[in-house]
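J.: quick one, what's the 3D model for this:
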Amino acid sequence: MATSSPYPTYPADAGDRPFRAVRWWQRGWVRYGALIILLAVSGLVILALVREQTGTEGFLVGLGLAVLPVPLLLAAFRWLDRVEPGPWRNLLFAFAWGACAAALIAIVANSFATRWIATTTADPTSADTLGATVIAPVVEETAKAAAVLLVFLFRRRDFTGIVDGVVIAGVTATGFAFTENILYLGTAFGTDQLTGDRGIASVTAATFFVRVIMSPFAHPLFTVLTGIGFGVAARAADRGPARRVLLPLCGLLLAMGMHAFWNGSSTFGEYGFFAVYGAFMVPAFGLLTWLAIWTRQRELRMVREELPAYVFAGWLGPAEPFALGSMGARRLARDYAGHHLGKQAARVVAQYEAYATSLAFLRQRGRRGRAGADFVVRERELLAELWQRREVARPALEYAARSNAPTWPGPGAPTPYGYSVPPPAHPTVSYPTYNPYRS
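T.: Okay, the predicted model is just below:
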């Protein structure tokens, strides 16, 4: 197996350490159970609080309207995560934390702080403004960042870079915005019921337009800055603990600042909201979207560059690095396997692609001296997963690579590959006849 030196190794005295019994609170099922109970209780409490403020009818109307942008946002973040898709349990936890725990923290803390300020200053108007522009951004972004921190600490294998931070942060913020929109839309509906307003002129229609049509990306945009901080910290893990703390903290402070600026836009005059939206929010959204897509393409290029070492060692076929480094070829490989062998084969190819991508990321960290002490063990685990699925995945990836190979346009035609003569015909892909496990 081809490797690049130096790689981290286990300490010489690792086998001499005394065995330590696992405490009951350290067991996985205890942690999972406690987390599920926490989120379930938070969900029930937030449900009761929102229903108390909106009424049953307002709650149902708010729920029906607030759910509309959720599938689109989740699909966007899942699309971004297609290069090295994280497990669904992480995304489910992030959404549940945002919708239940973070929303509950925000409602309780914001209400308490606003009441305290109003009582202290005897000025309810100033208290509301200060609560929206100062208290709410700090409380809400901190509560949402807690989900990113938990995944970063306890699911470190699934958190390897900027894209992972963006996805976890974005899904958490989507859950938070979902609950918040239920509250705002349900309250607006209750107001319309009292005033008799209907149609486009109603408060519900105006709230829906601002929160669901114009700015469904607002909360994800803020929290993504925190996710980027954690993602950069994950890539710079070997550069000292200070960076692992300062980088996420900087991202969190930026998220708070952008959130405060957005909430304070209504105090900038009659057209302050639209000015901030057009001159700040939309460009920021475009810039962060470009950054996320650029990072995704960079990851695909890295896959093409790192996997050939495993081709020479006999673990992968010659065509696989090219196919695995192209999202179009990956999709074609899954479709090919599904068409000829069924849905289960398509899932096997998808798993193969995910494991191969994780292997490429792991090798890059090892080559740069940033892998952990479990590098060798993790590499063998990933190679074993690939070897078990090779019979189904290799033919599909070979077909996808051949179908997506660039064609020669003719003599003298300018191409990005600089062909001045016809390129050689696509070679027949042959795989090693030996088993790497025996070498």
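J.: other SSEs contacting the strand or helix carrying Gly286?
T.: Here Gly286 is covered by helix 282-306, with elements defined by DSSP states H and E. For helix 282-306, the packing partners by 3 or more Cβ pairs under 8 Å, 6 or more residues apart in numbering; DSSP states H and E come out as helix 70-80, helix 162-195, helix 218-235, helix 320-324, helix 343-367. Every C-beta, even on glycine, is put in place using the N, C-alpha and C of the backbone.
J.: where does pLDDT dip in this structure?
T.: Low-confidence segments of the chain, defined by pLDDT under 70: 1-29, 122, 237-240, 405-439.
J.: try it again at 80.
T.: Along the chain, segments meeting pLDDT under 80 span 1-31, 121-127, 199, 235-243, 266, 269-270, 368-374, 404-439.
J.: now do the contacts for Ala173.
T.: 98, 144, 219-224 (Cβ atoms under 8 Å, 6 or more residues apart in numbering).
J.: now with 6 Å, please.
T.: Going by Cβ atoms under 6 Å, 6 or more residues apart in numbering, Ala173 touches 144, 219-220, 223.
J.: can you list those in a markdown table and add distance to Ala233 and neighbour count?
T.: Formatted as a markdown table, the contacts of Ala173 follow (distance: Cβ to Cβ, whole Å; neighbours: other Cβ atoms under 10 Å):
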| residue | distance to Ala233 | neighbour count |
| --- | --- | --- |
| Lys144 | 17 | 32 |
| His219 | 22 | 29 |
| Pro220 | 20 | 25 |
| Thr223 | 16 | 35 |
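J.: can you tell me which two in the residues you listed are farthest apart?
T.: For the contacts of Ala173, the farthest-apart pair by Cβ to Cβ is Lys144 and Pro220; their separation is 9.7 Å.
J.: residue nearest the centroid of the chain?
T.: Taking Cα atoms, centre = their mean as the criterion, Val167 is the residue nearest the geometric centre of the chain, at 1.2 Å.
J.: so which residues of the stretch 1-150 of the chain form helices?
T.: Using DSSP state H, counting those that start in this stretch, the helices assigned to the stretch 1-150 of the chain run over residues 28-66, 70-80, 88-96, 103-121, 124-130, 136-154.
J.: which one of those helices is the most hemmed in?
T.: Using mean count of other Cβ atoms under 10 Å, the stretch among these with the largest mean neighbour count is helix 136-154, at a mean of 22.
J.: okay, angle between it and helix 103-121 too, please.
T.: On the basis of axes from the mean of the first three to the mean of the last three Cα atoms, to 10 degrees, helix 136-154 is oriented at 150 degrees to helix 103-121.
J.: and helix 136-154, what other elements does it pack with?
T.: If you count contacts as 3 or more Cβ pairs under 6 Å, 6 or more residues apart in numbering; DSSP states H and E, helix 136-154 packs onto helix 103-121, helix 162-195, helix 218-235, helix 241-263.
J.: now for the very next helix or strand once past the longest one, which elements pack on it?
T.: For helix 162-195, the succeeding helix or strand toward the C-terminus, using DSSP H and E, is helix 203-208. For helix 203-208, the packing partners by 3+ Cβ pairs under 6 Å, 6+ apart come out as helix 162-195.
J.: and the helix it packs on, which residues are buried?
T.: By 16 or more other Cβ atoms under 10 Å, the buried positions in helix 162-195 come out as 162-190, 192.
J.: next one: stretch 228-241
T.: 228-235, 237.
J.: can I get the helices and strands packed on helix 136-154 in CSV with distance to Leu149?
T.: Listed next are these as CSV, based on distance: least, Cβ to Cβ, whole Å:
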stretch, distance to Leu149
helix 103-121, 14
helix 162-195, 10
helix 218-235, 7
helix 241-263, 7
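J.: can you give me how far the host helix or strand of Glu391 is from the chain middle?
T.: Following DSSP H and E, one finds Glu391 within helix 375-403. Computed by Cα atoms, centre = their mean, to the nearest Å, the chain-centroid distance of helix 375-403 equals 24 Å.
J.: likewise for stretch 58-72?
T.: 22 Å.
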